[in-house]
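Trainee: Here is my input; please provide its structure:
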Amino acid sequence: MIREDVLPNRLVHFDAFEVYFWKRISKSFFYFSCVGLFLTFVYIPFDYQLHGESDTFYSILTGRIIAIFFAVMVVLASIHPFFEHRNVLAITTFGTMGFSAVTLTYLLFGNPIHFVIYSWFFYLVATMMMTPLITDKIFFIMEGYQVSFMASVMAYTHQSAEEMVIFFSLSIPLVGYVYAVIWLNRKNGKEAYKNALQNHILLSLDGLSNLLNRRTWYETSRRKWSDDKGISFIMLDVDHFKKVNDTYGHECGDCVIQSVSQTLLEQTRDYDIIGRLGGEEFGILLPQTNLEEAQVIAERIRQSIADTAIAYKNQEIRVTASLGLIRNNSTIEDFNTLVALGDKCLYQAKAEGRNRVVSYGEI
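Mentor: Residues are numbered from 1 along each chain as shown. Next up is the predicted model:
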């Protein structure tokens with residue numbers, strides 16, 4: 001299974017496998033579980049028709065009420081925040097307990113065996129809906145428990161040989177069929193997830209730097225700016241980058257971009273938003289960061305870039321960077337203004353001799 005920890009770096013945010021698929025099936029499963037809850041009530045008149053006003057009916061009704069409780073819990077497990085990231089385990093547990101309650105009451109009090117088969121068929125369909133989230137372990141625990149439980153109760157209640165044959169002739173092929181569907185869906189699901197992850201990476205990251213590309217950086221940063229007015233922003237540009245390309249070639253220039261990008265990842269925090277905005281220019285958004293804190297980060301980045309020796313064809317190349325820094329304030333009405341002012345500070349840093357940090361307010 002593909003895990004989030006194999007992503008290129010912390011800038012790419014993508015749902016884990018289970019979360020990815022649960023988001024896609026949760027709505028449909030919620031409606032399906034509501035249908036299951038409705039059918040749990042619908043069976044009650046059939047119970048009454050078979051047994052009338054008798055102790056047997058009320059005993060079966062007690063089991064049915066227990067089943068209704070677990071059916072309600074299945075519905076809640078599919079939507080309630082309490083079950084977040086535990087939806088599949090909760091649903092399979094509650095579903096299994098509810099079906100066990102139905103099975104026990106029906107077999108103990110002589111209901112036709114096909115009532116149980118109908119309920120079990122619905123249970124198996126619900127199981128198939130949750131693929132590829134059902135693992136082999138969960139499946140075999142659930143179905144092994146169900147088959148052995150039903151067989152034990154049927155033997156205890158001395159069901160006829162004909163009904164036992166009906167049960168096994170239906171249950172074994174059904175379990176095998178459902179497992180085949182789950183296995184195939186899980187295989188296809190992993191492939192679909194892998195493709196979705198790769199597409200997300202291709203659409204989000206700049207291929208050379210492995211930082212956010214310009215479009216994704218602007219989209220992500222603009223959303224963050226809307227929610228967090230306490231941000232700071234750094235615009236960074238590699239000094240004399242054209243000279244590097246002209247002197248050593250564009251392959252060396254690519255090495256410089258990759259080195260600077262790695263430095264930015266190392267010298268910033270997990271929640272900072274870093275992007276390559278074009279050529280040798282980078283944007284760094286610092287959430288919940290005052291000017292003094294941002295100046296420390298910017299200076300650390302500048303010093304680290306200047307101190308890093310870049311190996312290229314048995315040579316050591318060193319570059320510097322100029323940085324423009326601005327803290328968001330009440331006079332900035334939109335995100336583009338913040339970027340423009342940071343860019344203005346960057347050009348002031350270049351005008352003052354490069355390899356320095358210039359903050360807004362110093363110009």
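Trainee: Toward the C-terminus, what is the element adjacent to the one helix or strand F46 maps to?
Mentor: Using DSSP states H and E, F46 falls within helix 17-51. Sequence order places helix 55-77 as the next helix or strand after helix 17-51, per DSSP H and E.
Trainee: so what does that next one touch, helix or strand wise?
Mentor: With contacts defined as 3 or more C-beta pairs under 8 Å, 6 or more residues apart in numbering; DSSP states H and E, helix 55-77 has these neighbours: helix 17-51, helix 87-108. In this view, the C-beta of every residue, glycine as well, is placed from N, C-alpha and C.
Trainee: between the longest one and helix 55-77, how many degrees?
Mentor: Taking axes from the mean of the first three to the mean of the last three C-alpha atoms, to 10 degrees, helix 17-51 and helix 55-77 form an angle of 160 degrees between their directions.
Trainee: And for the residue nearest to E143 when sequence neighbours are not counted, the neighbour number?
Mentor: Nearest residue to E143, sequence neighbours excluded (C-beta to C-beta, 6 or more residues apart in numbering): V175, at 5.1 Å. Residues lying near V175 (other C-beta atoms under 10 Å) number 20.
Trainee: And G144, by the same measure?
Mentor: Residues near G144, counting by other C-beta under 10 Å: 11.
Trainee: same check, this time on V35
Mentor: So V35, with other C-beta under 10 Å, has 11 neighbours.
Trainee: Equivalent analysis for F70, please.
Mentor: Quick note: F70 (other C-beta under 10 Å) scores 22 neighbours.
Trainee: Name the helix or strand of the chain that has the lowest mean pLDDT.
Mentor: Least confident element among the helices and strands of the chain, by mean pLDDT, DSSP states H and E: helix 113-129 (a mean of 70).
Trainee: The very next helix or strand once past that one: how far from the chain's middle?
Mentor: As assigned by DSSP H and E, the chain's next helix or strand after helix 113-129 is helix 136-156. Its chain's C-alpha centre and that of helix 136-156 lie 32 Å apart, by C-alpha atoms, centre = their mean, to the nearest Å.
Trainee: Also stretch 75-89?
Mentor: In this view, stretch 75-89 has its centroid 15 Å away from the chain centroid, taken as C-alpha atoms, centre = their mean.
Trainee: Pull out the buried residues from it.
Mentor: The neighbour-count check on stretch 75-89 (16 or more other C-beta atoms under 10 Å) flags 75-78, 83, 87-88 as buried.
Trainee: For the longest helix along the chain, name the packing helices and strands.
Mentor: Longest helix in the chain by number of residues (criterion: DSSP state H): helix 161-204. Counting by 3+ C-beta pairs under 8 Å, 6+ apart, the packing neighbours recorded for helix 161-204 are helix 17-51, helix 113-129, helix 136-156.
Trainee: For the last one, name the packing helices and strands.
Mentor: Yep, that's helix 136-156 we're talking about. Packing partners of helix 136-156 (3+ C-beta pairs under 8 Å, 6+ apart): helix 87-108, helix 113-129, helix 161-204.
Trainee: mean confidence score for stretch 203-221?
Mentor: For stretch 203-221, mean pLDDT is 95.
Trainee: again, but for stretch 79-91
Mentor: What stretch 79-91 shows for mean pLDDT is 88.
Trainee: where does the protein have low pLDDT?
Mentor: The model of the chain has pLDDT under 70 over residues 1-7, 110-120, 362-363.
Trainee: returning to that earlier point: switch the helices and strands packed on helix 136-156 over to CSV, and while doing so, append distance to F69 to every line.
Mentor: Listed next are those as CSV, based on distance: least, C-beta to C-beta, whole Å:
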stretch, distance to F69
helix 87-108, 8
helix 113-129, 15
helix 161-204, 25
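Trainee: where's the residue nearest to E143 relative to F335, distance?
Mentor: Counting by C-beta to C-beta, to the nearest Å, the separation of V175 from F335 is 56 Å.
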